[in-house]
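Undergrad: Just need the structure, nothing else, for what follows:
(2 chains)
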Amino acid sequence: MVTIATFNVNSLRIRVPHLQAWLKARDPDVALLQEIKCLDEEVPRLEIQGMGYHVSAVGMKARHGVALLSKLPHKVELTALPGDPADSEARYIEAVIDLPDAPHGRPLRVASIYLPNGNPIGTEKFTYKLGWMDRLIAHARELLKREEILVLGGDYNVCPNDADVFDPAAMAGDALCQPETRQRYRALTNLGLVDAFHALHPEGHRYTFWDYQAGRWMRDEGLRIDHLLLSPQAADLLEASEIDREPRKQEKPSDHTPIWCRLAA
DNA sequence: ATGCCTAACACCGTTAGA
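TA: Numbering: from 1, shown residues only, chains lettered A, B, ... in the order given. Below you'll find the predicted structure:
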């Protein structure tokens, strides 16, 4: 059994106590982090290693940044999403982990993804988002040929459907809900990737993000934008997927909360 | 219609997030 979680921490350094409490409570085998907002050398490695995790990160100063934590050793295979050498934003890290109990001896491959927000629409930021999604689709297509237990997890900055939005009308002009955004998310899932949480909780209105402003958390007015996409070989092993709301209740929380899935591997 | 709140950086305001 392996538990894989994703958590946009909105600054890793300031969220160390939240991260430690959550790692202790959830005890995930793999934790994918986004928005670490620091350089590699500023990652609080001792605090993370002290919780029993190997840690790799792709950071940059003040913004973005992703990390990958695992109890078993992992081997980093990529530190950027292929397809645009000029893209210097820290948004992707991919690694493989050998699982002792994996069916057919397949390795586990995981990626921590911080997909561009893309707001406001009609600007180069939205164009960058769509281009990034096209590159992710192309890369996922290649990865799927490996037929591995693959989990692409992270902050996708995509509300796949109106049921993933507390107020679709209010968000209609937002980059997270545009038809072009949703079309690309569907293109991704149409490759054969399964949205783990959605597969087990199709009812909707279950959120992973609540804006700090306007009392959104209090009112449970949020968005579902953090996702775990599974290859067929991973989806066949899917046992459970849940959203951990506890970290969002703490003092000085991230505006996101973790989501996890459990695989029978 | 706009800002609401938070974090980082660098300067005591600005930029970005979603």
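Undergrad: Going by neighbour count, which residues in the helix or strand A:His18 falls within are buried?
TA: Assessed by DSSP states H and E, A:His18 sits inside helix A:16-26. For helix A:16-26, a neighbour-count test (16 or more other C-beta atoms under 10 Å) marks A:18-19, A:22-23, A:26 as buried. (Glycine included, C-beta is placed from N, CA and C.)
Undergrad: who's in contact with the helix or strand following that helix?
TA: Counting by DSSP H and E, the next helix or strand C-terminal to helix A:16-26 is strand A:30-34. Applying C-beta atoms under 8 Å, 6 or more residues apart in numbering, the contact partners of strand A:30-34 are A:2-9, A:12, A:19, A:23, A:53, A:64-71, A:74, A:97, A:108, A:110-114, A:151, A:153-155, A:256, A:258.
Undergrad: So what are the sheet partners of strand A:30-34 and their directions?
TA: With DSSP bridges as the test, strand A:30-34 is paired with strand A:2-8 (parallel), strand A:66-70 (antiparallel).
Undergrad: what angle sits between the shortest one and helix A:16-26?
TA: With axes from the mean of the first three to the mean of the last three C-alpha atoms, to 10 degrees as the basis, strand A:66-70 and helix A:16-26 are set at 40 degrees to each other.
Undergrad: pLDDT on strand A:66-70, on average?
TA: The average pLDDT for strand A:66-70 rounds to 98.
Undergrad: again with stretch A:206-213
TA: 96.
Undergrad: likewise stretch A:22-30?
TA: Averaging the model's pLDDT scores along stretch A:22-30 yields 98.
Undergrad: Pull the distance from it to the chain's centre.
TA: In this view, stretch A:22-30 has its centroid 15 Å away from the chain centroid, taken as C-alpha atoms, centre = their mean, to the nearest Å.
Undergrad: Likewise for stretch A:1-15?
TA: Chain-centre distance of stretch A:1-15: 9 Å, with C-alpha atoms, centre = their mean.
Undergrad: cool, and stretch A:247-265?
TA: Mean-position distance between stretch A:247-265 and its chain equals 11 Å (C-alpha atoms, centre = their mean).
Undergrad: Mind listing what's buried along that stretch?
TA: Buried residues in stretch A:247-265, defined by neighbour count with 16+ other C-beta under 10 Å: A:247-248, A:253-263, A:265.
Undergrad: Those in strands, which ones?
TA: Using DSSP state E, the subset of those located in strands is A:259-263.
Undergrad: Give me the contact status of stretch A:169-181 with DNA strand B.
TA: Yes: shown here: stretch A:169-181 in contact with DNA strand B (C-beta under 7 Å from any atom of the strand) through A:Leu176.
Undergrad: Would you mark the buried spots in that stretch?
TA: Using 16+ other C-beta under 10 Å as the test for burial, stretch A:169-181 gives A:171, A:174-178, A:181.
Undergrad: Which parts of the helix or strand hosting A:Thr127 count as buried, going by neighbours?
TA: Per DSSP H and E: A:Thr127 is located in helix A:124-144. Residues of helix A:124-144 classed as buried: A:126, A:128-133, A:135-137, A:139-140, A:143-144 (neighbour count, 16+ other C-beta under 10 Å).
Undergrad: With stretch A:77-95 instead?
TA: Across stretch A:77-95, burial judged by 16+ other C-beta under 10 Å covers A:80-81, A:87, A:89-95.
Undergrad: Show me the two of the buried residues of helix A:124-144 that sit farthest apart.
TA: The span of the buried residues of helix A:124-144, defined through C-beta to C-beta, is set by A:Phe126 and A:Leu144 at 26.9 Å.
Undergrad: Report the beta-bridge partner residues of the residue lying closest to A:Leu223 once chain neighbours are set aside.
TA: Nearest non-adjacent residue to A:Leu223, counting by C-beta to C-beta, 6 or more residues apart in numbering: A:Phe209, 4.8 Å away. Counting by DSSP bridges, A:Phe209 is bridged to A:Leu223, A:His256.
Undergrad: Nice, that's everything, thank you.
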